[in-house]
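Student: Take this sequence and fold it.
(2 chains)
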Amino acid sequence: MVLLFLLPFYVVLSVAFGTVDPVFQSPLPVFQPWWWTSRYLAEEWHFVAGEFRPVELRTIVYVLLATAICLVISYAVAYYVARFGGKRKALFLTLLIAPFFISYLMRMLSWVELLQPSGYVNNVLTFLHITPHPVNWLAGVPFTVVIGLVYGYIPYMILPLYGFLDRIDKSQLEAGRDLGASPFSTFVRVTLPLSKPAILASLVIVTLPMFGDYYTNNLLSGSPKTTMYGNLLDNSMESTGQGPQAAILVLFLVLFLMIPMLYYMRETAKAQRQQRQQ
Amino acid sequence: MSETVSTRPRAGRPGQQSEAAGSVRTSTRSPLGWWRNPWRRPHILATATWVYLAWSLLPVLIAIGISFNAGRSNSVWQGFSFQWWWGHPKFEPTGALFVSPELRAALIQSLRLSFLTMFIAVPLGVAFAIGISRWRGPAPAGANFLMLFSFVIPEIIIGISMFLFFTYLLKFIHLGTSAQLLSLVTYQVSYPVIIVRARMLSIGKEYEEAATDLGASPTQAIRRVLLPMLYPAILVSFALVFADTIDDFITVRYLSAGASTEPLSVKIYDFSRGALTPAINAAATFLLFATLAMALIGVFLYRRITAGQRGQTTEMTDYLA
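Tutor: Residues are numbered from 1 along each chain as shown, chains lettered A, B, ... in the order given. This next block holds a predicted model:
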């Protein structure tokens, strides 16, 4: 099973470092590392550093914006349910888990239908005279894409945060309040530092997949104005003869994602060591 | 210039502190209504939570409703009918979910893939989880990292690398059901591993050790002591793997051999970008109902399994108390 896991990555490497059939333009992977060439890699690096740069920057901006919005909303919701859920906690939890059982596609589909020019969102907006005529939300509006990303990934952030905030010992918060801190400063100085590991974990869970997301974008916009890195990958898969490009783009993405991943592993290892010392 | 820059942090800090202290004092003393009251109910947070829940679930309810639409529109309600599910003799019968040959084939492919994946991935994952906990040395840490990594990297990476894998290295496995199944199992196996391992860590080793002390062989200890305690985790894994597989469209789309092996999820994705009829809503609703049915079966089985034990465990706790 580990082989089934590692071998595909090896094939990605072979295709990335391999050559292209001169006649059919189809990739010819080279499986012997000692014959690997970096010719196509260099060519592709040219794209990645040049032509694709706006796309990469846009991806990073969208993902960071969406993550920030996710974090604010999900912290508020998780905090409320964990601390003030009371008798309704079971109901809240069921409603929070529900999106896990609804497919991502279904959730995006419902927004596609709501946001259409003839959809309910535009009906309400024109009825309230907020906009004079229907807005075409699905024609490359960055706002739609970012909110779509938030909508798609936020359940994966709320649950880990909730799980952690629920376990925070109430007596620690009470101690903060007894020592004269306002609710707000108790939150900033006790709750927030305590929940740092949970925030980190949920950021990893939510942010990394967003970097490869192409479907949210395709469904909610589909316009080149909002193309993200994931779309580059998907497009290079759909057009023939682009095998090496897809492989190389995958390689770059994996390398890029290794940075936050390693940072996360180091942080958790550090936290565990501290715990053991205590 | 350089002097002011260097003194700024020193000058700034006391000022900030006094400000913070001031805000604490006013918030506890001044009688400025409920906003200043430190023990007030968190109305803002409550509203935010309810708004979030409405935002997250209402669109889906509307989409489910539209699958029962009587008209062609996918955005406006035009009356109730089942025509997008079973078709209607008066209207075009070809577009409905259970009538259209394309959608019906996709539906069967969806169910086939998810059941097969579920019954292969979960037992494998449970075996892995038990195996990893027995292993010594650096191997478990590496396996752990791999599982975690597969959990958080974008699925498109797995899709593309699996596609290249099956087209260039394992050429004897053709794209289609077998390639889809293999990659789904590889990807999904991390669910049961993570869930079962978490459960094993919370159980601890004491029960197994007690069993072996009482004369059970290691396999007996696993089969008769550990596994029954893992049933809840295993059931949860079954439900999660099923839910995730039936919804998967990324990996499966790259690995499908033409339209005939595309499951329903891929069809929904493709249609959502073009010809969107309420039949697609019906398809998505069907996937949702299938997932819910699976979860309910899980809950039911869990009740059945623990029904006999519940009396015993309470007896045990009584005895301990």
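Student: drop to CA atoms for contacts and neighbour counts, all remaining ones
Tutor: Will do.
Student: Could you check the pLDDT of residue 91?
Tutor: Reading this off chain A. pLDDT for A:L91: 83.
Student: Chain B was what I was after
Tutor: pLDDT, B:F91: 60.
Student: And the pLDDT at the residue of chain B at minimum distance from chain A?
Tutor: Nearest residue of chain B to chain A, counting by Cα to the nearest Cα: B:P154, 4.1 Å away. Reading off the confidence values, B:P154 has pLDDT 81.
Student: Now do it against B:I160, distance only.
Tutor: The gap separating B:P154 from B:I160 is 11 Å, by Cα to Cα, to the nearest Å.
Student: buried residues in stretch B:146-153?
Tutor: Residues of stretch B:146-153 classed as buried: B:147-153 (neighbour count, 16 or more other Cα atoms under 10 Å in any protein chain shown).
Student: My error: substitute stretch B:186-205 in the last question.
Tutor: When burial is assessed from 16+ other Cα under 10 Å, stretch B:186-205 yields the following buried residues: B:186-197, B:199-200.
Student: now stretch B:239-254
Tutor: Neighbour-count burial for stretch B:239-254 flags B:239-254 (criterion: 16+ other Cα under 10 Å).
Student: so which of these also contact chain A?
Tutor: By Cα under 8 Å from any Cα of the partner chain, the members of those lying near chain A are B:243-244, B:247.
Student: A:G180 should be in a helix, yeah?
Tutor: No: going by DSSP: H, G, I helix; E, B strand; the rest coil, the assignment for A:G180 is coil, not a helix.
Student: what number of residues lie near it?
Tutor: Residues near A:G180, counting by other Cα atoms under 10 Å in any protein chain shown, number 13.
Student: cool, B:Y52 as well?
Tutor: B:Y52 is flanked by 17 other residues according to other Cα under 10 Å.
Student: do you know how far it is from B:I268?
Tutor: From B:Y52 to B:I268 the distance is 26 Å (Cα to Cα).
Student: What segments of chain A are helices?
Tutor: Assigned by DSSP state H, chain A shows helices spanning A:2-17, A:39-49, A:53-84, A:89-101, A:104-115, A:120-127, A:142-165, A:170-178, A:183-186, A:192-194, A:196-211, A:215-220, A:229-238, A:243-277.
Student: for those helices, which one sits closest to chain B?
Tutor: Judging those by Cα to the nearest Cα, what sits closest to chain B is helix A:196-211, at 4.1 Å.
Student: for that closest one, packing partners?
Tutor: Packing partners of helix A:196-211 (3 or more Cα pairs under 8 Å, 6 or more residues apart in numbering or on different chains; DSSP states H and E): helix A:53-84, helix A:142-165, helix A:243-277, helix B:139-152.
Student: Please spell out which residues along that helix are buried.
Tutor: A:197-199, A:201-211.
Student: Can you narrow the buried residues of stretch B:186-205 down to the ones near chain A?
Tutor: Checked against chain A using Cα under 8 Å from any Cα, the buried residues of stretch B:186-205 yield the following neighbours: B:T186.
Student: Which residue lies closest in space to A:Y264, excluding its sequence neighbours?
Tutor: With sequence-adjacent residues excluded and distances taken as Cα to Cα, 6 or more residues apart in numbering or on different chains, A:Y264 is closest to A:L200, at 7.1 Å.
Student: pLDDT score for the one you found?
Tutor: Turning to A:L200, the model gives it a pLDDT of 84.
Student: go on, A:G50?
Tutor: Per-residue confidence (pLDDT) for A:G50: 65.
Student: again with A:L105
Tutor: A:L105 is given a pLDDT of 82.
Student: which element is the residue lying closest to it once chain neighbours are set aside on?
Tutor: In this structure, A:L105 finds its nearest non-sequential neighbour in B:Y269, 6.8 Å apart by Cα to Cα, 6+ apart. Using DSSP states H and E, B:Y269 falls within helix B:264-272.
Student: Which of the helices and strands in chain A ranks last by mean pLDDT?
Tutor: Within chain A, no helix or strand scores below strand A:19-20, which has a mean of 51 by mean pLDDT, DSSP states H and E.
Student: Could you measure from the most centrally placed residue in chain A over to B:I156?
Tutor: Residue closest to the mean C-alpha point of chain A, counted by Cα atoms, centre = their mean, is A:M210 at 2.4 Å. Plainly put, A:M210 is 11 Å away from B:I156 if you go by Cα to Cα.
Student: ditto for B:L116
Tutor: B:L116 is 22 Å from B:I156, by Cα to Cα.
Student: For the two, indicate the residue with more neighbours.
Tutor: Taking other Cα under 10 Å, B:L116 and B:I156 do not tie; B:I156 has more neighbours (24 against 15).
Student: So that one, which state does it fall into?
Tutor: Secondary structure state of B:I156, per three-state DSSP, is helix.
Student: quick one: contacts for it?
Tutor: Counting by Cα atoms under 8 Å, 6 or more residues apart in numbering or on different chains, B:I156 touches A:212-213, A:230, A:233-234, B:250-251.
Student: which one of the residues you listed is nearest B:S178?
Tutor: If you rank the contacts of B:I156 by distance to B:S178 using Cα to Cα, B:T251 comes first, at 12.8 Å.
Student: which ones are touching the closest one?
Tutor: Contacts of B:T251 (Cα under 8 Å, 6+ apart): B:155-156, B:158-160, B:162, B:180, B:183-184.
Student: try A:Y229
Tutor: If you count contacts by Cα under 8 Å, 6+ apart, A:Y229 has them with A:55-56, A:59, A:211-214.
Student: ok, now with 6 Å
Tutor: Contact analysis of A:Y229 by Cα atoms under 6 Å, 6 or more residues apart in numbering or on different chains lists A:E56.
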